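Sequence plus predicted model, see below.
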Amino acid sequence: MRTQWPVLPIVAGLASGLLTGCGTENGESGGDGSSVVVGMSDDVLATDPASGYDPGSWLLFNNVFQSLLSFPKGATEPQPEAAKSCAFTDTETKVYKCTLKDGLKFSNGDPLTSKDVKFSFDRMLKINDADGPAVMFPTLDKVETPDEKTVVFRLNTSDATFPSKIASGAGSIVASGQYDANGLRKDGEAVGSGPYKLDSFGKDQAVFSVNGNYKGTAKTQNSGVTLKFFHGDQPALKQALMGGKVDIAYRGLTAGDIADIEEADNGSGVEVVEGSSAEVQHLVFNMDDPVAGKLGVRKAIAHLIDREALIKDVYQDTATPLYSIIPAGIAGHNTAFFDTYGARPSKADAEAALRADGITGKVKLTLWSTPSRYGPATDQELTEIARQLNDSGLFAANVKSVAFDQYEKDIAAGKYGVYVKGWVPDYPDADNFTAPFFGNGNVLGNNYSNNTITGSLIPATAAQSDRSATDKEFGQLQDIVADELPVLPVWQAKQYAVVRDGVYGLEYCLDASTVFRFWELSKS
C-alpha cells in the first residue's frame, strides 16, 4: 500500500447487515470552538480520491469526503456513514446492497444520491490511475442503482472484506456534477459531503472549515483545521511545535524527537500521545536469488535477528517487535515467527540451518535500503541487522542504500536478494496483510508463491463474512509463511503525535484504522 515515511520509525455481523447506531447526525453541533493547526512531514499528493493512495491524501479524503461506511474511533468493524444500512444479500458474499440516508448533500449544496456513488466507483475504475486506489477493487464487477437511495455492488468473486474497502479513503463519494468522468481533477479543489470542506490547498498548507451540509456520525469539536506541510523537514516540524506555530505534530517526528519530548520536564508545554498502529515493516527475501533464495540462509537470519535490541538502539522503543505477518490488534494475529525461531538470537540454531543446507563458509549478503521512502532510520536499522549477522561469524553482510525510484526498478528486475518493505494498511483486516503479499501478483516482487495460500486459504477467508471465523485459516497461512520465510517481520509501529497544552481529542485520532479524525480535535 501507500507507504511514505512511517508514522515513526514512524469480526462478525457483516452478513446480517450494518445498521445505523446512535451518534450525532449533525456535523455542526460542536463547530463553534477554536480552529486547530496540525503539522506533518508527509505531503498530500492528491485532492482527487481517484488518484491519492498515500497517507497524506487519505487524511484529506477521510475528512472532506464521505464513504458509505466508516470506522468509528477505536474500532475495526465498519459502520454506516452516508448509508443508513448495508448488507450482503447472498450467502456467497458477492452482492452488497446499501441504502442511503435521507437528505444527504455535498458541501456545495448538491444532493447526494445513488447516482453519485455509482459515478464515484465507475470513475475511479475507469481512470485507473497508477497512483490511485482502483487496485483495491479487482472483485468489483459493476454498480447498480435501482433508485435514488439504493446502491448494489455486484462482485465477480466472493469478498467479505468489501465493506472494509469501501469504508476506507478508496470509498470516497464525489459530486458527479463537479468531476470529469474520464480524467482527474487538477485544480486543487474538492467537493465532498464529509464533516469538513476544503477552503484552500497550496504547497505549504491546506485550510478546512466545518461543512454545514454534513449529515453523518461525526460531531465536530472545532471550527476548522489548518494542515501545514513540512515536506519531510522533521527539525522544522519540531521547531514549529515547540514554538507554538502548530498545535499538533502528526506523522514525521523522529524517534529521537519523541524520546526527547517524553523525557523533558512538564514545563515544555507539549505532550506525547501514543495510539495503536497496524503499520509494519518486513525484510523481504527474493526467492530466486542465489543466496537469499536458500532456505538455510533465510532461517539463519531469522535465528540471528535481535528485534528487541534493534528497537531499543535504533527506534528508542517507539516500535514493538513483530513476530507475525498480521500485526497485534488485528483479528487473526498469531506469533508464528516467535514460536518457530524464538525471541533471542541463537548462533547454534543459525549455524545448524546453514549446515543443513550444505553451507559451510561465511554467507556474503547485501541488505538494500531506501530511506527516502521509509525514513532516515531505515539505513540505521539495516546497518544494525548487518552487524548482528556479522557478529555471529556466519555472515559477511553489508548495507547499500538507493533512492526509492531506483529501488523499485531494481526490485522488479530481481537485482536484490534482501530488501526492506513497509506497509500501512488500507483497512484493518488480516486480509490486507496477507493477500497483497502472498496472493497472486503480490506487491513484494520476491517471486514467492504457495498453492495452498493462493488456491485455498486466501479464497476461503475472502468468502467468510464472519471475520472472526477466519482465525484458523489465517493461522495456517502465517505458519506456512514462517516455515517458508519469503519475508521476515521486524517491527510494528507505535503511533505517536505530539500536542500542545490546551488541545484535546488526539487520542481518538490514533488507532489501527489509520483514520485521523479532524472532528475529534478541540482547543481551549
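Sure thing, it's come through.

count of residues packed around Glu263?
Glu263 has 8 neighbouring residues, counting by other C-beta atoms under 10 Å. Where you see a C-beta, it was placed from the backbone N, CA and C, and this is true even at glycine.

Over to Lys186?
Neighbours around Lys186, by other C-beta under 10 Å: 11.

OK, contacts around the closest residue to it other than its chain neighbours?
Closest residue in space to Lys186, ignoring its immediate chain neighbours: Asp48 at 7.7 Å, by C-beta to C-beta, 6 or more residues apart in numbering. Counting by C-beta atoms under 8 Å, 6 or more residues apart in numbering, Asp48 touches Val174, Tyr179, Leu184, Arg185, Lys186, Ala190.

I figured Ser392 was touching Ile301, is that so?
No - applying C-beta atoms under 8 Å, one finds Ser392 not in contact with Ile301, separated by 9.9 Å.

Could you tell me which residues touch both of the two?
Ala350.

More neighbours: which of those two?
It is Ile301, of Ser392 and Ile301, that has more neighbours when counted by other C-beta under 10 Å, with 28 against 19.

I'd like to know how far that one sits from Pro489.
Distance of Ile301 to Pro489, computed by C-beta to C-beta, to the nearest Å: 12 Å.

ok, now Arg251?
As judged by C-beta to C-beta, Arg251 and Pro489 stand 22 Å apart.

and what of Ser107?
For Ser107, the distance to Pro489 - C-beta to C-beta - is 42 Å.

of the two, who's got more company?
The neighbour comparison of Ser107 against Pro489 (other C-beta under 10 Å) goes to Pro489, with 26 against 23.

and that one, what element?
Assessed by DSSP states H and E, Pro489 sits inside strand 487-493.

Extract the CA atoms of that strand and return them as PDB.
Extracted C-alpha coordinates of strand 487-493, given in PDB (Å, rounded to 0.1, in the frame of the first residue of the first chain):
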ATOM      1  CA  VAL A 487       9.500 -12.400   4.500                       C
ATOM      2  CA  LEU A 488      10.800 -11.800   8.000                       C
ATOM      3  CA  PRO A 489       8.600  -9.500  10.100                       C
ATOM      4  CA  VAL A 490      10.700  -7.000  12.100                       C
ATOM      5  CA  TRP A 491       8.600  -4.400  13.800                       C
ATOM      6  CA  GLN A 492       5.100  -3.000  14.300                       C
ATOM      7  CA  ALA A 493       5.000   0.800  14.800                       C
END
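
roughly how far out does the next helix or strand after that strand sit from the chain middle?
Using DSSP H and E, the helix or strand that follows strand 487-493 towards the C-terminus is strand 495-500. Computed by C-alpha atoms, centre = their mean, to the nearest Å, the chain-centroid distance of strand 495-500 equals 18 Å.

Lys299: what's it in contact with?
So Lys299 contacts Tyr341, Ala350, Ala353, Leu485 (C-beta under 8 Å, 6+ apart).

Including distance to Thr76, pLDDT and secondary structure, could the contacts of Asp48 go into TSV?
Listed next are those as TSV, based on distance: C-beta to C-beta, whole Å; pLDDT from 0 to 100; DSSP: H, G, I helix; E, B strand; the rest coil:
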residue	distance to Thr76	pLDDT	secondary structure
Val174	26	98	coil
Tyr179	30	98	coil
Leu184	31	97	coil
Arg185	31	95	coil
Lys186	34	92	coil
Ala190	27	97	coil
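
from those, which single one is nearest Lys362?
Leu184 (51.8 Å; C-beta to C-beta).

Now do the contacts for the closest one.
Ala46, Asp48, Ala50, Ser51, Ile127, Asp129.

Rounded mean pLDDT for the strand holding Pro489, please.
The pLDDT scores in strand 487-493 average 96.

Tell me where the stretch 201-350 of the chain has strands.
Per DSSP state E, counting those that start in this stretch, the stretch 201-350 of the chain carries strands over the ranges 205-210, 224-229, 248-250, 270-275, 280-285, 319-321.

Paired strands for the fifth one, with orientation please.
When you say that, I think you mean strand 280-285. Applying DSSP bridges, strand 280-285 is found paired with strand 418-423 (antiparallel), strand 487-493 (antiparallel).

Also the third one?
Based on DSSP bridges, the pairing partners of strand 248-250 within the sheet are strand 36-40 (parallel), strand 495-500 (antiparallel).

Compare these and report which one is nearest to Lys523.
The nearest among those, by C-beta to C-beta, is strand 36-40 at 5.2 Å.

Residues touching the closest one, excluding its own?
Strand 36-40 is contacted by residues 56, 59, 222, 224-230, 237, 240-241, 245-252, 503, 518, 521-523 when judged by C-beta under 8 Å, 6+ apart.

again with stretch 402-414
Asn286, Asp288, Asp289, Trp368, Ser369, Thr370, Ser372, Arg373, Tyr416, Tyr419, Gly445, Asn447.

mind redoing it with 6 Å?
Stretch 402-414 has contacts (C-beta atoms under 6 Å, 6 or more residues apart in numbering) with Thr370, Ser372, Arg373, Tyr416, Gly445.

Could you tell me which of those belong to helices?
Among the contacts of stretch 402-414, the residues falling in helices (DSSP state H) are Ser372, Arg373.

Reformat the contacts of stretch 402-414 into a markdown table and put neighbour count next to each item.
Below are the contacts of stretch 402-414 laid out as a markdown table (neighbours: other C-beta atoms under 10 Å):
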| residue | neighbour count |
| --- | --- |
| Thr370 | 23 |
| Ser372 | 18 |
| Arg373 | 19 |
| Tyr416 | 22 |
| Gly445 | 18 |
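
of the contacts of stretch 402-414, closest to Gly169?
Nearest to Gly169 among those, with distances taken as C-beta to C-beta, is Arg373, at 19.8 Å.

sorry, back to before: need the max-distance pair from the contacts of Lys299.
Ala350 and Leu485 (12.8 Å).

that older thread, list only buried entries from the contacts of strand 36-40.
Buried positions within the contacts of strand 36-40, assessed by neighbour count (16 or more other C-beta atoms under 10 Å), are 56, 59, 222, 224-230, 237, 240-241, 246-252, 503, 518, 521-523.

nearest residue to the residue of the chain positioned farthest from its centre other than its sequence neighbours?
Farthest-out residue of the chain from its mean C-alpha position, per C-alpha atoms, centre = their mean: Thr360, at 41.1 Å. Among residues not flanking Thr360 along the chain, Leu354 sits closest, at 7.6 Å (C-beta to C-beta, 6+ apart).

how close does that neighbour get to Lys347?
11 Å.

so where is the protein shaky, pLDDT-wise?
1-32, 265-267 (pLDDT under 70).

returning to that earlier point: neighbour count: Leu354 and Lys347, which is higher?
Set Leu354 next to Lys347 and count neighbours by other C-beta under 10 Å: Leu354 wins out with 21 against 14.

Wait, a helix at that one?
Yes - Leu354 forms part of a helix when assessed by DSSP: H, G, I helix; E, B strand; the rest coil.

Between the two ends of stretch 340-358, what distance do you get?
Using C-alpha to C-alpha, to the nearest Å, one end of stretch 340-358 lies 21 Å from the other.
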